[in-house]
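> Got a predicted structure plus its sequence, pasted below:
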Amino acid sequence: MADGASSSGAASASGPGGGGGGESVVIDYGRRRTACGYCRSTGQTSISHGLWANSLRADDYQALLDRGWRRSGCFLYKPEMERTCCPQYTIRLKANDFICSKEQGRVLKKMQRFLDGELDPQVGSPQNKTSPTKHSLAEPMNMPVSKISKTLTNDFQAAKCPNLFEEDEFISCLSSKINEAVGMSFQVGTLGSDVQLPKAVVKTVKPQLKKKVGGASQDKKVGEAVQDLLYTCNISFQIVAEIRRALPKEKDANHNKVVADISPNSIAEKLAMTMECHGDIAGLAVKACNGHLNFYSVTNQTKQNKTSIIVSTHAPDKSSSSKQSSVNKNTVRVPQKRRKLEIKMRRSHFDPEEFALYQRYQTKVHKEKKVSESSYKRFLVDTPIVFVPPRSGDNTVPPCGFGSFHQQYRIDGKLVAVGVVDILPKCLSSKYLFWDPDFAFLSLGKYTALKEIDWVKTTQEHCPNLQYYYLGYYIHSCNKMRYKAAYRPSELLCPVRFEWVCYDSAKRLLDKSLYSVLSDFAQIQDEMPQPQNSHLDTELSKNDNCESPIDEDDEDLSYDDSDMMVDEEMVRSESNTDVMEDCSSIIDFENVMMDLNGSRVKYKDLLGVVGRIERRHLEQLERQLSKYVKVVGKELSDRMVYSL
């Protein structure tokens, strides 16, 4: 196939319905045990079923998705939910029911302002070369620093007013000022190890956390201004991780001293001191709190004449008339040249430009040392899904057809992101996303997810059955995978009855037990007591203890981990427990269609075709087929071809 799928064993007969285009041929079945990439276990605690697919009809893969399967290239896998360490639930969203949150709306507005030329890239992107992105960690943290740019308080007040300066643009400016402070605190010195310093991400503090964090953490004296926690940034934790990663492996006295001096608290305090001493903030107070940089609004009118670090513009002339002030407001933000965004859906095939972007993304974002072309092809190019072209006048197949695709995002012709997706009879299944690290400030993970939802809405007008957006796996035990539930109203797949359950109902069960039969939600009482000592509570308590006012789910990195490249080696050795399981239940595998040297034969007719088979070999095959039928379902096992 042109898209790189291995389909030599597929028949060319057309199948019924929207998923036509040949047979589904799977090769072998087995169990896979690996170390878990979510809980970082040291043993082989991640357990899943595995199948190799030679070719796969679109409707058959849709049916597999609805039984909890996913694919990595031509390898299909399904977590063994009751045994694996981190149960993974298939999650989907009905596109027409999607409710865009305020935060998601900001992502769309930010991109639009960038395209309109009204939003400058953050410091460190290629469009802004005035500030370097790479520094060395060697200068002592108490080194002299230069001045931070200042503006008058009325600019800060304008920034707080949505009519004059939208809040997210103000947050972007505040992030840039933190980056300036980081740049001044970490410059060339004696450590001699270059690192890629992270970019600051400032987040708005949710109202429900202000009382818990903001009020409790402030020691108020008589006559002191009341402070309201507005924004927070956790860049200190990211800096510590980069520093320790860059330190030499050989430990000596100097190494131990450096490690002892480095902590999120010390870095946060240093950055807060730098910003306060060299850019007094009127109306905003910056303080270090358990490694976080917190920004408070001070309601004290006597401080309103001081300067702020928020926006780098000149102070207005007090003698200017109100008319001149109005002119200045209109001329400060002169729109730059508009940028052009293009989104194209292309069939999955190897593209050198895409591979170069993938290499850059994996090395910069996921810190991989080496990215091979062969691993990229196996993971994101190879596909077993048989392409089904669009049909004139047929409303069961979308204009692009069914199959595997790469959705390219280009800004002014430059490739900035690629979404790897499968287009199936009922859904767009999002598999992976990689993007240009220089455009991280645009929150491309969230933006592309929103565009994929829009694609489903638009396509449903031509293909009414295609109405769902599948986001991969939801993992309740992994904080960084919970962001998927923000695309509301989502549903989770019950691992036993394969029924779809709304997230809010399923969450109440998962809060109690990480593995749950989700379709049992109706039995839950209105007030469910919380688990006392679950693994999940232990993880969450780590965040509660540090008074962190932010959501620890980093927006784009977690999205990209939704379908990690899997180890494709299947463990064939079956334990005695596995055998007992198979013997304890009767599975009907008589009608399983098998491929024997190009011929199709059902298991019940096998002996009549090949003659006598030794009993031990027959028993082994029966055990294998029983487990295969159990995990793919009777209906699928009868119509897919099992290749020996």
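Nice, thanks for sending it over.
> from here on, contacts and neighbour counts on C-alpha atoms
Will do.
> Let me see the domain layout of this protein.
Taking the TED database as the domain assignment, the ranges for the chain are 87-117+339-491, 588-643.
> quick one: which of these has the weakest pLDDT on average?
Mean pLDDT is lowest for domain 588-643 among the domains of the chain, at a mean of 90.
> Kindly check the end-to-end length of it for me.
Here the two ends of domain 588-643 are set 18 Å apart, with distance taken as CA to CA, to the nearest Å.
> can you map out the helices along the stretch 301-450 of the chain?
Using DSSP state H, counting those that start in this stretch, the helices of the stretch 301-450 of the chain run over 322-332, 352-364, 373-376, 444-460.
> out of those helices, deepest packed?
Comparing the helices of the stretch 301-450 of the chain by mean neighbour count (mean count of other CA atoms under 10 Å), helix 444-460 ranks first with a mean of 20.
> Now the element after that one, going C-ward?
Later in the chain than helix 444-460, the nearest helix or strand by DSSP states H and E is strand 468-474.
> before we move on, the earlier item: so for residue 274, which of the domains of the chain sits nearest?
With distances scored as CA to CA, the stretch of the domains of the chain nearest to residue 274 is domain 87-117+339-491 (23.8 Å).
> ok so, going back, need the domains of the chain in CSV with distance to residue 502, can you?
Output for these, formatted as CSV (distance: least, CA to CA, whole Å):
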stretch, distance to residue 502
domain 87-117+339-491, 4
domain 588-643, 23
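> Which of the ones you listed has the highest mean neighbour count?
domain 87-117+339-491 (a mean of 19).
> Would you mind saying which of the helices of the stretch 301-450 of the chain lies nearest residue 643?
Judged by CA to CA, the one of the helices of the stretch 301-450 of the chain that comes nearest to residue 643 is helix 373-376, at 24.9 Å.
> Need the contact partners of the closest one.
Around helix 373-376, the neighbours that count as contacts under CA atoms under 8 Å, 6 or more residues apart in numbering are residue 355.
> Need the CA coordinates for that helix. PDB is fine.
Taking only C-alpha atoms (Å, rounded to 0.1, in the frame of the first residue of the first chain), the coordinates of helix 373-376 have been written out as PDB:
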ATOM      1  CA  GLU A 373      13.600   6.600  10.900                       C
ATOM      2  CA  SER A 374      12.600   3.000  11.300                       C
ATOM      3  CA  SER A 375      11.000   3.400  14.700                       C
ATOM      4  CA  TYR A 376       9.100   6.500  13.400                       C
END
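> still on that earlier bit, mind checking the domains of the chain for the one nearest to residue 169?
Comparison of those against residue 169 by CA to CA identifies domain 87-117+339-491 as nearest, at 8.0 Å.
> Excluding sequence neighbours, find me the nearest residue to residue 427.
If you skip the residues right next to it in sequence, residue 427 has residue 468 as its closest partner in space, 4.5 Å away by CA to CA, 6 or more residues apart in numbering.
> To clarify, my last question referred to residue 416.
Across the structure, with CA to CA, 6+ apart as the measure, the residue nearest residue 416 apart from its sequence neighbours is residue 436 (5.0 Å).
> contacting residues for the one you found?
Listed by CA under 8 Å, 6+ apart, the contact partners of residue 436 are 357, 360, 361, 415, 416, 417.
> which among those residues gets closest to residue 292?
Residue 292 has its nearest neighbour among those in residue 361, at 27.0 Å by CA to CA.
> That closest one: what's it in contact with?
For residue 361, the set of contacting residues under the criterion of CA under 8 Å, 6+ apart consists of 434, 435, 436, 437.
> Could you point out which of these is nearest to residue 462?
Ranking these by separation from residue 462, with CA to CA as the measure, puts residue 434 on top at 28.6 Å.
> thinking again about what came up before, relative to residue 184, which of the helices of the stretch 301-450 of the chain is closest?
Of all these, helix 352-364 comes closest under CA to CA, at 22.6 Å.
> Just the C-alpha atoms of that closest one, please, in CSV.
The C-alpha coordinates for helix 352-364 follow below in CSV (Å, rounded to 0.1, in the frame of the first residue of the first chain):
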residue,chain,number,x,y,z
PRO,A,352,11.0,13.7,5.3
GLU,A,353,9.7,17.1,6.5
GLU,A,354,7.3,15.4,9.0
PHE,A,355,10.1,13.1,10.2
ALA,A,356,12.4,16.1,10.8
LEU,A,357,9.7,17.8,12.9
TYR,A,358,9.1,14.6,14.8
GLN,A,359,12.9,14.3,15.5
ARG,A,360,13.0,17.8,16.9
TYR,A,361,9.9,17.3,19.0
GLN,A,362,11.1,14.0,20.5
THR,A,363,14.5,15.4,21.4
LYS,A,364,13.4,18.8,22.7
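> need the strands for the stretch 251-400 of the chain, in chain order.
Using DSSP state E, counting those that start in this stretch, the strands assigned to the stretch 251-400 of the chain run over residues 284-289, 292-298, 307-308, 341-347.
> returning to that earlier point: next, give me the two most distant ones among the contacts of residue 361.
Comparing every pair within the contacts of residue 361 by CA to CA identifies 434 and 437 as the most remote, at 9.1 Å.
> circling back to that earlier point, residue 97 is in contact with the residue nearest to residue 427, correct?
No: the pair residue 468 and residue 97 does not pass the contact test of CA atoms under 8 Å, sitting 9.7 Å apart.
> which strands and helices sit next to the host helix or strand of residue 236?
Counting by DSSP H and E, the secondary-structure element that holds residue 236 is helix 235-246. Secondary-structure packing of helix 235-246 (3 or more CA pairs under 8 Å, 6 or more residues apart in numbering; DSSP states H and E): strand 194-196, helix 264-277, strand 292-298.
> if we can go back for a sec, just put the helices of the stretch 301-450 of the chain in CSV and tack on distance to residue 514.
Compiled in CSV, the helices of the stretch 301-450 of the chain are given as follows (distance: least, CA to CA, whole Å):
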stretch, distance to residue 514
helix 322-332, 53
helix 352-364, 30
helix 373-376, 32
helix 444-460, 26
